[in-house]
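Undergrad: give me coordinates for this.
(one chain, ligands or ions: 1)
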Amino acid sequence: MNGSPRPGVIERYRDFLPIGEATPNLTIGEGDTPLVRAASLEHRLGVAEVWLKLEGCNPTGSFKDRGMAVATAKAIEEGAHSFICASTGNTAASAAAFGARSGTPTGVIIPARGVALGKVAQALIYGARVIPIQGSFDDGLTVVRELASRPGVALVNSVNPYRLEGQQTAAFEVVDTLGDAPDELYIPVGNAGNITAYWQGFRAYQNAGRASELPVMRGFQAAGAAPIVTGESLANPETVASAIQIGNPANWERAVQARDESDGTIEAVSDEEIVEAYQMLAADEGIFVELASAASVAGLLRRARGGEVIGGRVVCVLTGTGLKDPGAAVRYAPKPAEVEANIDAVASALGWNAG
Ligand code: F0G
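TA: I've put the predicted structure just below:
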């Protein structure tokens, strides 16, 4: 472990990953994220145990670092000289970080409109070549798939199987922390790589005798970008949750397989439900996530309120930090009024008049 308290996913889960002698370990300290109880949600919903997996605590602020650690290491092992991806922002930031770490030129293709500024800022400062396109994430993915046919160019989107191998480690951590798989796993769905990876991870752990059961998988798309729910791909997906504004997910079939094999569901949550969960997580639990991440908790709220029976122990995956998009927080939080710089005015604004 090199004496490091945060060895990274490759070192920690080497036995479960396609890692050989020649695979470099580029870790930036990804993985080993907190799994915390959500007392307020438990109380509100009457569910015995609600746990939140805080993937925003990864080094670039989202779960993408797990898969990127493995995908970029394997790409270098296989002789790649460049990384490329299409992204709604988080994949771009993570690819750019690992590109910087390994000294590999990295191109990230993002929709010109809708990507949170913090994600663009990250990709730029890590030194990636950032290419905004006049089109959607799905258009970008079509372009990069073609570009990746050139020799030496590694495509690091979740169509790369090593991304999913790395992302399984989040499921491993959940089981390692809880002692077994949860009854249900709630997760946002965009390009559908993460739900696929969790399912793969839970199954791998069960096969290895580390978990005695498998969770029911519950995926949530934004209502305006819910092709898996409706069965129809969309040219113009629309949602406030820009990270999951995707009309034709690359891992569509595999997500459906995870849903069906686990006896689970993939459902839509409205933008209003996403915003409510986003506000509630921050105000009641002290956890600030990005809008897309709140889809998992929006789904739990919706099911609990709809009278569905919820498993005794559930885990909600919170995929990314809210800090990448402070504009959204300002938009959905009460606005403070400016006051004069004296004690009376400040005490009055605080509502502390009585004393
Ligand atoms: N949550 C966040 C914060 C994301 O950034 C994404 C995907 C998802 C959930 C959905 O995960 O695609 O595996 O189903 N973001 C990708 C990106 C598309 O480019 O950063 P998924």
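Undergrad: residue numbers of the stretch 1-150 of the chain in contact with the ligand?
TA: With the criterion set to Cβ under 6 Å from any ligand atom, the stretch 1-150 of the chain comes near the ligand through Ser62, Lys64, Ser87, Thr88, Gly89, Asn90, Thr91. Backbone N, C-alpha and C define where each C-beta goes, glycine included.
Undergrad: buried among those? Need that as a selection in ChimeraX.
TA: To isolate the buried subset of these in ChimeraX, counting by 16 or more other Cβ atoms under 10 Å, use the following:
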select :62,64,87,88,89,90,91
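Undergrad: quick check: domain ranges of the protein?
TA: Domain assignment of the chain by automatic domain parsing yields the ranges 9-62+163-332, 64-161.
Undergrad: start to end distance for the last one?
TA: Domain 64-161 stretches 13 Å from its first residue to its last (Cα to Cα, to the nearest Å).
Undergrad: swap in the longest one?
TA: Length of domain 9-62+163-332, first residue to last, Cα to Cα: 35 Å.
Undergrad: next one: it to chain centre, how far?
TA: Chain-centre distance of domain 9-62+163-332: 6 Å, with Cα atoms, centre = their mean, to the nearest Å.
Undergrad: tell me the pLDDT of Thr72.
TA: We have a pLDDT of 98 for Thr72.
Undergrad: can you offset everything so residue one is 106?
TA: Let's use 106 as the start, then, which means that last one is Thr177.
Undergrad: what's the burial count for it?
TA: As a burial measure, Thr177 scores 29 neighbours (other Cβ atoms under 10 Å).
Undergrad: go on, Ala433?
TA: Per other Cβ under 10 Å, the neighbour tally for Ala433 reads 18.
Undergrad: Asp285 versus the closest residue to it other than its chain neighbours, what's the distance?
TA: Spatially, and ignoring its direct neighbours in sequence, Ala433 is nearest to Leu396 (5.7 Å; Cβ to Cβ, 6 or more residues apart in numbering). Relative to Asp285, Leu396 is positioned 31 Å away (Cβ to Cβ, to the nearest Å).
Undergrad: who's more crowded, those two?
TA: Leu396 (28 against 16).
Undergrad: quick one: contacts for that one?
TA: By Cβ atoms under 8 Å, 6 or more residues apart in numbering, Leu396 lies in contact with Val345, Ala346, Ser347, Ala348, Ile379, Val380, Tyr383, Asp430, Ala433.
Undergrad: contacting residues for the spatially most central residue of the chain?
TA: By Cα atoms, centre = their mean, the chain has its centre lying nearest to Thr424, at 2.9 Å. By Cβ under 8 Å, 6+ apart, the contact set of Thr424 is 160-161, 167-168, 195, 292-293, 299, 348, 394-395, 397-398, 401.
Undergrad: how about a markdown table for those, with pLDDT, secondary structure and distance to Ala309 added?
TA: Output for the contacts of Thr424, formatted as a markdown table (pLDDT from 0 to 100; DSSP: H, G, I helix; E, B strand; the rest coil; distance: Cβ to Cβ, whole Å):
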| residue | pLDDT | secondary structure | distance to Ala309 |
| --- | --- | --- | --- |
| Glu160 | 98 | helix | 19 |
| Gly161 | 98 | helix | 25 |
| Ser167 | 98 | strand | 22 |
| Phe168 | 98 | coil | 17 |
| Asn195 | 98 | helix | 24 |
| Ile292 | 99 | strand | 17 |
| Pro293 | 98 | strand | 22 |
| Asn299 | 98 | helix | 15 |
| Ala348 | 98 | helix | 26 |
| Val394 | 98 | strand | 27 |
| Glu395 | 98 | coil | 28 |
| Ala397 | 98 | helix | 26 |
| Ser398 | 98 | helix | 24 |
| Ser401 | 98 | helix | 22 |
